[in-house]
Structure formats: structure tokens, C-alpha cells
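Asks: next one to model:
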Amino acid sequence: MTEFQQEIQQVEAIDKKKEWHREITEKLHRKVESGSGSLSIHTVPTKLRRVKDEAYNCRIVSIGPLHLGNHDLAAMRERKWAYMHHLFQRIEDRQQFLECWKECTSAVYDLDSEIRGCYAKRMSHKDKGHKELAEVVLIDGCFILELFLKYEEHLNMTLDYQSDAIFDSAWMIAALQHDLALLENQIPFMILERLYEAIRPHLKDSRPNSVASLALNFFQPMNYKAFLEDWDTQYNHLLDVLHKFYLPSNCDISVEIEMITEMKHHSRPEPVFGSIKKWGFNFCASELSEAGIEFQKQQRTDHLLNITFSRGVIKIPPIFIDDSLLRNLIAFEQCSLGSLHHMTSYAILLKSLIRCPRDIRLLKQRGIISSNWIREEEYLSQLKSILDEVVVKEFYFGDLCDKVNAYHGKFWFRRGIKYIYRTYFSTAWSMISFVAAIILFILTALQTFFTVRPR
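Replies: Take a look at the predicted model:
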């Protein structure tokens, strides 16, 4: 090889190196621009789907781009268009309608990069074009808002049921409540806020100030906490609204943060993450009851975490067991690095407390579990696999469980007497029966003694 040829090869090698440097730099810039800090809509981890796939699947409607191609959900697509039409029909003035329509379409179209940045599953423009993604998000956002508005009218008994197939059906609302709370079936909350901000001034009747209020009216969560309109809370999507709703209310935030910080300090296992078996109660509800520990329904039912133990009494708010919603909330916590694991901790506590039908019957008697049509075996089956393949970052009931477990190991004789008294002498008639039985036993013994003993 001549010296000239060697120089040419060196120049070509330098050019290839520069070209590679330019390409990798461009890729890095594209990744940084797409960003991962705003990721909020995740796909369910495969390991969780293997445990119970149907808990994460849509039943009748797909929301957002992730399940757009599911042919089993095609029947609702025309209903979405109709709902979007109904939403803008609420604006009676023609000029205001055109202005609002333009504002909504422009807002969604201009948020393309922000929308793509919310999805953990990357969508290239080749997979979902700018127009296609904007159309999907606009239709789904309008469908959700009209559904929420109609549901509010349903609650106020002002809805025309004959003109609406969804509300005329006994099962569709429950199916929609299920579908709109799925981790993968979401659109960014900012879309709903922008659309509602544009449409709300044109609505005739008084409506809630926020989309979050409409959402909570629709989901009717099993909780009695009042939603405050002036909460300054940022939401990522509808499932995030429910997730934050089950946190303590704002008036308790400072106290709760101190409590959680203390619980983190005392209850975090070191150094292993996710050792679920060592967390929770060491004994189930019926065993704790036999040991003399009382269960009472918590009078203050503003949030699920308000579980307390004092002087041998565990107070629990009404128990929340919705298998699909609880699994999706746990999946959301698994995927969100900055999320508190309070719903996962709640599931750990429930699973350690409820292990057999006796536990469910006991908690039903105390009013902690509602006496509905769900069978005891179904409750148990829901809890059996709820934590399979789940990695726990923090457990927020550590101090509570430590106190109950320690109490169970002390004063066993006193608790045994207390259990006997509660079981056999809880009423005056049982006490009278016991005294009568003792007297009868004594008289029978005396009669036998004097009969056998020779005079």
C-alpha cells in the first residue's frame, strides 16, 4: 500500500468518526428533547400482567393511542364522535361555538410534543402522525368530559335517558368506570383541563370548577372524604386523580408527612427491597380478636390510611376492595419512581389481616366490610394474588403493625379471660344461663354424693 493510499484511508476514518459523532449527538438531543421527566402514562409490567391480565384490559372503550387498534373496542368509536358532537352542542351561540371549537382543536394540535412526552411507550411520528395523535386525544378528551357532564346530570336526575344508550344500560357505567381507571388507558390530564377550560364558560348550568371534581363524581370512590375545589394539586391523568384522592386531605398533610417519615425510619427493611412476608400483621383478624384485640369501624373516614391502634382497639375505615382498581393503583406505584407506595402498603395490610372466611365475617359484623353480594371466597381470591410480583419500596403501616404484634404477645392471660367473657357472657341471658348451669352442676354433684355415700 502506497503512502498516498494510507493518507486517503486515514482521512476516510476521520470522516467516519466525525459522522458517527454527529449522529450520536443528534440522537442524544432527540432523546433529551423527548425527555423522561414528564413520563406519567406507563404500560403495565409484563410480570404483573401474567398474574391477572384481565385486571388491566379494557372492557368496552380504549382511551389514548396505546389500545387504539383493538378491534374488540370498535363499537364505542362512533359513540365517541357522538359525544364530542353533544359536548359542543351545549354551546348555543353559533359564533361562540366556532371560537370554542377552534380553541380546542388548536390547543390539542399544539401540544403534540408534550403529549408524546407523557407516554412511557415512545410513539414515533411514523407510528402516530401529528394529525392522527391530535385526533385521538381530542375525541377521547371530549368523550370523557361529555361522559362526566352527563353523569352529573344523571346524579341530579336531569338526564334524558332515552336519548343515551350508555346511561340506558345497567352495566355500561360500571364498565366505563373500570376502563377509565386503567393504567394504560389514559390521556394527559392537561388535555382535559384545557378542553374544560375552553368549554365551561359556555355551559348553561352551574358546573364544578375542575375536571378532578367531575372525575370524582363519576368514579364515586369508596371513600367519604370531601373534595375541595381549591386544592392546588397537579394531576397526570385520571388514575392519578384517584391515587392522590386516597392520600390524606390537605388539612392533615403536615401531620401525615411527619407520621410517614417516622414510619419510613422505623419500618424500612434493610437492605432488601420488597420482602413482603415480613410486613403486615403477624396474625389475622380472627386470631387478633381471639387474643382480646377489638375491631371498630373508624368514625373518621376521610382517607383509607387512617388506621389506628390504641388500648387494644384497632379502628379501620370501611375497607376498599376493588380488585381491578387496586391492582392498577399498585401498578402505577410500581412504574412511578417518585410515587408513594401507600396503596401497596394498604394491600399488604389487608392481605395480612384477611386470610380466611372467619376474618371477613368478623369485619362484616363490625361494619368494616360492607355486607354486599360479594362472597367471602371472592374477597379471598382477590387478595390472594394482589401482591404477586410486586416490589415494595416503603411500608407505611410499620409502627402500627409493630404495636399490634407486640400487644398480641403480652398479657395473654388477661386477654384470654376477656375473650371468654366476650364470647360466653356478652349478654345478661348468657350470664344467667352460666350461673344456672353452675348451680345445677353443684346440686347434681351433691345429689350424687349423698346417693352414693352410705348413711
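
Asks: roughly how far does E294 sit from K278?
Replies: 26 Å (Cβ to Cβ, to the nearest Å). Every residue, glycine included, has its C-beta placed from N, CA and C.

Asks: do L176 as well
Replies: From L176 to K278 the distance is 40 Å (Cβ to Cβ).

Asks: so if I had to pick from those two, which one is more boxed in?
Replies: L176 (22 against 10; other Cβ atoms under 10 Å).

Asks: hang on, L149 packs against K204?
Replies: No. Applying Cβ atoms under 8 Å as the test, L149 and K204 come out as separate, 11.0 Å apart.

Asks: which neighbours do these two share?
Replies: Taking Cβ atoms under 8 Å, 6 or more residues apart in numbering as the criterion, L149 and K204 both touch R90.

Asks: higher neighbour count, these two?
Replies: Between L149 and K204, counted using other Cβ under 10 Å, the more crowded position is L149 (25 against 8).

Asks: all helices of the stretch 301-450 of the chain, in order?
Replies: Using DSSP state H, counting those that start in this stretch, the helices of the stretch 301-450 of the chain run over 323-335, 342-353, 357-365, 376-384, 398-408, 412-424, 428-452.

Asks: tell me which of the ones you listed sits nearest to L195.
Replies: With Cβ to Cβ as the measure, helix 323-335 is the member of the helices of the stretch 301-450 of the chain nearest L195 (23.2 Å).

Asks: averaged pLDDT, that closest one. What do you get?
Replies: Helix 323-335 shows a mean pLDDT of 93.

Asks: same question, stretch 169-188
Replies: Per-residue scores along stretch 169-188 average to 93.

Asks: before we move on, the earlier item: now the helices of the stretch 301-450 of the chain in a markdown table, with distance to E287?
Replies: What follows is those, written out as a markdown table (distance: least, Cβ to Cβ, whole Å):
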| stretch | distance to E287 |
| --- | --- |
| helix 323-335 | 24 |
| helix 342-353 | 10 |
| helix 357-365 | 9 |
| helix 376-384 | 16 |
| helix 398-408 | 8 |
| helix 412-424 | 11 |
| helix 428-452 | 23 |
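
Asks: least confident of those, on average?
Replies: It's helix 412-424: among these, that one has the lowest mean pLDDT, namely a mean of 64.

Asks: next one: phi and psi at the residue nearest to R50 when sequence neighbours are not counted?
Replies: Sequence neighbours aside, E389 is the residue nearest to R50 in space, at 7.3 Å (criterion: Cβ to Cβ, 6 or more residues apart in numbering). Backbone torsions of E389, given as degrees, to the nearest 10, read phi 70, psi 20.

Asks: how many residues are close by E389?
Replies: 14.

Asks: next: Q234.
Replies: Applying other Cβ under 10 Å, I find that Q234 has 9 neighbouring residues.

Asks: so which strand or helix has it?
Replies: Counting by DSSP states H and E, no helix or strand carries Q234.

Asks: list the contacts for it?
Replies: Listed by Cβ under 8 Å, 6+ apart, the contact set of Q234 is empty.

Asks: how near is P45 to Y56?
Replies: P45 is 10 Å from Y56, by Cβ to Cβ.

Asks: looking at those two, which one has more neighbours?
Replies: The residue with more neighbours, out of P45 and Y56, is Y56; 20 against 16, by other Cβ under 10 Å.

Asks: report pLDDT for that one.
Replies: On the pLDDT scale, Y56 gets 96.

Asks: name the nearest residue to it, sequence neighbours excluded.
Replies: Distance criterion Cβ to Cβ, 6+ apart; nearest residue to Y56, sequence neighbours excluded, is V44 at 4.6 Å.

Asks: go ahead and confirm the one you found touches N185.
Replies: No. Using Cβ under 8 Å, V44 makes no contact with N185, being 10.4 Å away.

Asks: so between those two, which is more surrounded?
Replies: The residue with more neighbours, out of V44 and N185, is N185; 26 against 20, by other Cβ under 10 Å.

Asks: next, that one: phi, psi?
Replies: Per degrees, to the nearest 10, the backbone of N185 is at phi -110, psi 60.

Asks: contacting residues for it?
Replies: N185 makes contacts with C58, V61, S62, I63, G64, L66, H67, D179, as judged by Cβ under 8 Å, 6+ apart.

Asks: what's the answer for K52, then?
Replies: D323, R327, S385.

Asks: follow-up on the earlier one: from the contacts of N185, which is closest to K17?
Replies: L66 (39.7 Å).

Asks: against C58, how distant is the residue lying closest to that closest one once chain neighbours are set aside?
Replies: Nearest residue to L66 in three dimensions, chain neighbours excluded: E184, at 5.0 Å (Cβ to Cβ, 6+ apart). According to Cβ to Cβ, E184 and C58 sit 8 Å apart.

Asks: who touches both of those two?
Replies: Counting by Cβ under 8 Å, 6+ apart, the residues touching both E184 and C58 are H67.

Asks: surely the residue nearest to Y56 is within a strand?
Replies: No. Counting by DSSP: H, G, I helix; E, B strand; the rest coil, V44 is not found in a strand; it is coil.

Asks: give me phi/psi at it?
Replies: phi -70, psi 130.

Asks: next up, the contacts around it.
Replies: Y56, L183, E184, N328, A331, C335 are the contacts of V44 under Cβ under 8 Å, 6+ apart.

Asks: I'd guessed the second one sits against N328; true?
Replies: Yes. Here L183 reaches N328: they are 4.8 Å apart, a contact under Cβ under 8 Å.

Asks: overlap in contacts, those two.
Replies: Each of V44, Y56, L239 lies in contact with both L183 and N328 under the rule Cβ under 8 Å, 6+ apart.

Asks: can you report phi and psi for E294?
Replies: Residue torsions, per degrees, to the nearest 10, at E294 are phi -90, psi 150.

Asks: quick revisit: which neighbours do P45 and Y56 share?
Replies: A331.

Asks: with distance to Q10 as extra columns, can I get the contacts of V44 in a markdown table?
Replies: Below are the contacts of V44 laid out as a markdown table (distance: Cβ to Cβ, whole Å):
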| residue | distance to Q10 |
| --- | --- |
| Y56 | 56 |
| L183 | 54 |
| E184 | 52 |
| N328 | 59 |
| A331 | 55 |
| C335 | 49 |
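
Asks: between those residues, which sits nearest S433?
Replies: Closest to S433 out of the contacts of V44 is N328 (52.0 Å), distances taken as Cβ to Cβ.

Asks: distance of the closest one relative to L98?
Replies: Going from N328 to L98 by Cβ to Cβ gives 39 Å.

Asks: who's more crowded, these two?
Replies: Between N328 and L98, N328 has the larger neighbour count (other Cβ under 10 Å), namely 25 against 12.

Asks: let me see the contact set for the more buried one.
Replies: With Cβ under 8 Å, 6+ apart, N328 has these contacts: V44, A55, Y56, A181, L182, L183, L239.

Asks: count of residues packed around the closest residue to R59 other than its chain neighbours?
Replies: With Cβ to Cβ, 6+ apart as the criterion, R59 has its nearest non-adjacent residue at 4.5 Å, and that residue is A175. Neighbourhood size, A175 [other Cβ under 10 Å]: 16.

Asks: I'm done for today, thanks for sticking with me.
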